[in-house]
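S.K.: the sequence and its predicted three-dimensional model are supplied below.
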Amino acid sequence: ASAAPVEGVQLIQRAFRALEAARFEEALAHVSECLAMLTRSADVRQRIADIRFCAQYHVALCLLIELARLEGREASEAPAATSKRARLAALLAALPLVSHHRKVCLHMAVKCNMEARNYGMASTYADVLMGKGLAHMLAPQHAHQLRALRAQCEEAGLRDGESVRTPCWKCGTSTRVTASECQHCGTKVHVCCASHTVLQSDDFTWCPLCMCLFAPDVVPASDNCRVCGTGIVIAAGRRAAAAATASGPKPL
């Protein structure tokens with residue numbers, strides 16, 4: 001693939017500076033501008049990797065904006081906000097961001113899930129922080145704190161609340177929202193990139209440019225992608241297959 005255009009690199013650099021200063025709305029504007037430029041370029045097919053990289057940051061910034069909004073909720077709404085923050089932070093930490101950004105998101109996920117008493121999720125992300133690829137970025141005192149936190153989670157039985165679990169739509173088994181599939185039946189777990197909710201069927205829409213996936217009632221087929229803004233989303237799943245069969249050639 002050819003190198004990213006200079007304008008795109010500059011936009012992402014501005015986005016990163018804004019992100020690291022907690023100016024999430026500004027960072028999102030820069031990422032959106034970069035996505036628009038990349039997806040409308042003449043050589044768009046050579047830009048797919050860059051588009052998908054930017055799309056991950058678009059999703060991450062939308063989550064960060066919502067997390068910041070929830071942080072300022074009234075005391076009467078605090079329990080629900082704490083549960084939602086735990087779920088959104090868990091989804092944020094699962095995104096494949098640049099390592100120093102992911103490290104911050106992982107710390108956030110650990111903190112939010114400890115507050116929500118999701119001890120299993122908090123322990124999982126503490127392990128990621130102390131694992132290969134990120135451990136060298138931890139100060140010794142932070143590593144000590146994470147080990148103590150993990151011991152606390154183990155004492156609590158590594159239990160998670162419902163805020164970070166969802167019943168598998170196929171077999172009903174309680175499954176983490178960050179899981180790639182149900183541990184019982186192997187059914188894929190899909191999360192809508194616009195609503196940040198787990199889909200309750202195998203029907204979804206997706207963008208062939210940025211690969212973002214959506215609930216059909218949130219972003220219907222043939223609509224513009226809610227993330228990159230340019231791609232036309234395609235239907236997938238049983239209903240899409242049935243529609244294709246129904247509209248296809250009929251046997252004689």
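M.R.: Noted; the coordinates are in hand.

S.K.: and the lengthiest helix in the chain, what does it pack against?
M.R.: For the chain, the longest helix by residue count, based on DSSP state H, is helix 48-71. Here helix 48-71 touches helix 6-20, helix 24-39, helix 78-93, helix 99-115, going by 3 or more CB pairs under 8 Å, 6 or more residues apart in numbering; DSSP states H and E. Any C-beta I mention is one placed from the backbone N, CA and C, and that applies to glycine too.

S.K.: which positions in the second one come out as buried?
M.R.: The neighbour-count check on helix 24-39 (16 or more other CB atoms under 10 Å) flags 24, 26-35, 37-39 as buried.

S.K.: need the contact partners of it.
M.R.: Residues outside helix 24-39 that contact it (CB atoms under 8 Å, 6 or more residues apart in numbering): 4-5, 7-8, 11-12, 14-16, 18-19, 44, 47, 50-51, 54-55, 57-58, 61-62, 64-65, 68, 209-210, 227-231.

S.K.: any of those buried? List them.
M.R.: Buried, going by 16+ other CB under 10 Å: 4-5, 8, 11-12, 14-16, 18-19, 47, 50-51, 54-55, 57-58, 61-62, 64, 209-210, 227-231, out of these.

S.K.: okay, now the unreliable bits of the stretch 151-252 of the chain?
M.R.: Scanning the stretch 151-252 of the chain with the threshold set as pLDDT under 70 gives 239-252.

S.K.: same thing but 50
M.R.: 244-248, 250-252 (pLDDT under 50).

S.K.: now do the helices in it.
M.R.: Counting by DSSP state H, counting those that start in this stretch, the stretch 151-252 of the chain has helices at residues 238-247.

S.K.: run a quick neighbour tally on Ala49.
M.R.: By other CB atoms under 10 Å, the residues close to Ala49 number 10.

S.K.: coming back round to it: please identify which of the helices and strands packed on helix 48-71 is closest to Arg176.
M.R.: Closest approach to Arg176 among those is made by helix 78-93 (7.9 Å; CB to CB).

S.K.: which residues outside stretch 137-150 are in contact with it?
M.R.: Under the contact criterion CB under 8 Å, 6+ apart, stretch 137-150 has outside partners 99-100, 103, 110, 114, 122-123, 126-127, 129-130, 135.
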